[in-house]
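Q: Sequence first, predicted model second:
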Amino acid sequence: MLPCCFFHSIGFILIVISITSCQNNSNNKTQTTNNSNPTFVDIAPILFKNCTPCHRAGESGPFELMTYADAKKNANKIKFVTQTGYMPPWPADINYTHFVGERKLSDAEIELIKTWVQNGAPEGDISKIEQVPVYYTGSFLGKPDTVIKFKDAVPIKGNGTDHFYVIKMPVQLAKDTFVRYFEFVPGQRKLAHHINGHLINYENGKKKNIQNGLTYALDEFSDYNALYSQMNILNDDTTFPALTPNTVYYLPGYTPPVYPIGIGGYKITKTSAILLKNIHYGPSDKDVLDSSYINIFYGPKPKRPVYETQLGTFGISKIEPELVLHPNKIETFHTQATLHNDISILSVNPHMHLLGKSFWAFAVTQKGDTIPLIKIKKWDFKWQYYYTYLHPVKISTGTTIHAYGTFDNTDKNPLNPNHPPKLVTQGEGLKSMQTTEEMFQFIFTYLPYQTGDEKMDLSK
């Protein structure tokens, strides 16, 4: 994550994974609650809404769930993961706050799946099975207008350490246009820890050829001006081109936002580039190559730019006590910030690493009223969504945002990378971004408040 000044004008568009229309848990109950003999006809709508977006060819699910044959073959697995709550993945507590695209099964749906499996997973009348969703291969969001790929595959050594790269992805378009959102698609999903990408726009006549120069380099440079020169990033007169930070983003489980038309977006010139600085790959036990790509979706000129800031690590607020995780202890840390302008929060992103245990954020107004923001009872590093509210949440001037993070640095934490546990800190610079170090961040995107923002439907 990059440091960000509060209310610094950064056009940004982030969001939680948003594949289906928003339905809260109370609206998510199946119509066949009392069905004592369910068939795949009854189960299919549950799978299609909550499972197939990931469980399809080319996506992160370990097996497909697009057909009855797929579901029948994996019926016992489906029963187990839904009974235990392991799947579908939705770490946020829906009893605390609701968000767009919630993937949380009702008790009735879980029981329906259990009964179906115990009855032998019957198919039922195939003519009544709901039509399988149609997906565009290589995207969660449909057919992109443009796709840009790594010019050269990036080598990741299997030496068990984290790797940080700077990567240039040239863009050549027919004309200047506007982008609604970028979708980063990792080639190595299991290794992609996070990506911060910036948009570089070249003014007409300032850059003849962006294709030349290094396309990637290990992020080991103290002199980035020299690196950017080697990568042919600078204008032809050696000045630095216009850069829009944090336009491309990725975390495990992340999918870019689809805000209502006119909310967020960027201008992109016909000669431009995406500078991934940095792209962080987690440790690998074997040598692999990464050939990730970015889907670009065009849109109208944005009427209201989206901004982003964060509390905690690299953010606008201090962590108390200092983020030092002692071995064999479970410890809780706090950070807070008071706002000096009225804003409308669109989405939130809690961020911790492997030692994270739980996360809780809320706001307290000057009158003492509490505004619930998010609660995650069981942190899951693999699913770090940008959670988007059903409607923007107004935070008035003088309101204080609080975040609490609990970390488990004991042997009872199965994800603890250290055995026996050792002292862990957030480190400095790139070291703090290593998977084996820690972070405590509460990131959120927002709009400067306008009357009526509370009624805006963010699910459309």
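A: All right, it came through fine.
Q: And the least confident helix or strand in the chain by mean pLDDT, how far out from the chain middle?
A: Least confident helix or strand, the chain: helix 224-230 with a mean of 87, by mean pLDDT, DSSP states H and E. The chain centroid and the centroid of helix 224-230 are separated by 29 Å under Cα atoms, centre = their mean, to the nearest Å.
Q: Give me the buried positions along it.
A: Neighbour-count burial for helix 224-230, counted by 16 or more other Cβ atoms under 10 Å, picks out 227-228. C-beta here means a position set from N, CA and C on the backbone, and glycine is covered the same way.
Q: And for it, what's in contact with it?
A: Helix 224-230 has contacts (Cβ atoms under 8 Å, 6 or more residues apart in numbering) with 166, 213-214, 217, 221, 234, 238, 240.
Q: and the helix or strand just after that helix, what does it pack onto?
A: For helix 224-230, the succeeding helix or strand toward the C-terminus, using DSSP states H and E, is strand 242-250. In terms of contacts (3 or more Cβ pairs under 8 Å, 6 or more residues apart in numbering; DSSP states H and E), strand 242-250 is packed against strand 177-185, strand 192-201, strand 271-281.
Q: Can you tell me which of those strands is nearest to residue 345?
A: strand 177-185 (18.6 Å; Cβ to Cβ).
Q: the strands in the stretch 351-460 of the chain, which residues?
A: Using DSSP state E, counting those that start in this stretch, the strands of the stretch 351-460 of the chain run over 356-364, 370-376, 387-395, 400-409, 424-425, 441-448.
Q: Residue 329: which of those strands is closest?
A: Using Cβ to Cβ, those put strand 400-409 closest to residue 329, at 5.8 Å.
Q: Can you list the helices and strands that that closest one packs against?
A: Here strand 400-409 touches strand 307-312, strand 329-338, strand 356-364, going by 3+ Cβ pairs under 8 Å, 6+ apart.
Q: okay, those strands, which one's buried deepest?
A: Compared across those, strand 307-312 shows the largest average neighbour count, a mean of 24 (mean count of other Cβ atoms under 10 Å).
Q: Beyond that one, next helix or strand please.
A: strand 324-325.
Q: Show me what that following strand pairs with in its sheet, parallel or antiparallel.
A: Sheet pairing of strand 324-325 (DSSP bridges) gives strand 424-425 (antiparallel).
Q: who's in contact with the partner strand?
A: Residues outside strand 424-425 that contact it (Cβ under 8 Å, 6+ apart): 323-325, 355, 409, 418, 436-438.
Q: pLDDT of that strand, averaged?
A: Average pLDDT, strand 424-425: 94.
Q: one step back: same list (the helices and strands packed on strand 400-409) but as a markdown table, adding distance to residue 399 and mean pLDDT.
A: Converted to a markdown table, the helices and strands packed on strand 400-409 look like this (distance: least, Cβ to Cβ, whole Å; pLDDT from 0 to 100):
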| stretch | distance to residue 399 | mean pLDDT |
| --- | --- | --- |
| strand 307-312 | 13 | 95 |
| strand 329-338 | 7 | 98 |
| strand 356-364 | 5 | 98 |
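Q: Nearest to residue 178, out of these?
A: Checked against Cβ to Cβ, the stretch from these lying closest is strand 307-312, at 17.6 Å.
Q: Just the pLDDT for the closest residue to residue 384 other than its chain neighbours.
A: What sits nearest to residue 384 in space, not counting adjacent residues and going by Cβ to Cβ, 6 or more residues apart in numbering, is residue 251, at 4.2 Å. Looking at residue 251, its pLDDT reads 85.
Q: now swap in residue 433 and tell me
A: Reported pLDDT for residue 433: 64.
Q: Over to the one 4 residues further on?
A: In the prediction, the pLDDT value recorded for residue 437 is 87.
Q: Now for it, how many residues are close by?
A: 22 (other Cβ atoms under 10 Å).
Q: how much space between it and residue 263?
A: Going from residue 437 to residue 263 by Cβ to Cβ, to the nearest Å gives 35 Å.
Q: do the same with residue 404
A: Relative to residue 263, and taking Cβ to Cβ, residue 404 is found at 30 Å.
Q: With neighbour numbers in mind, choose between those two.
A: residue 263 (21 against 17).
Q: could you dump the strands of the stretch 351-460 of the chain to TSV with distance to residue 106?
A: As requested, these are arranged in TSV below (distance: least, Cβ to Cβ, whole Å):
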stretch	distance to residue 106
strand 356-364	23
strand 370-376	19
strand 387-395	18
strand 400-409	28
strand 424-425	38
strand 441-448	28
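Q: Among these, single out whichever gets nearest to residue 136.
A: Here strand 387-395 is closest among the strands of the stretch 351-460 of the chain (Cβ to Cβ), at 21.4 Å.
Q: how near is residue 239 to residue 203?
A: Look at residue 239 and residue 203: by Cβ to Cβ, they are 10 Å apart.
Q: Looking at those two, which is more packed in?
A: Taking other Cβ under 10 Å, residue 239 and residue 203 do not tie; residue 203 has more neighbours (11 against 8).
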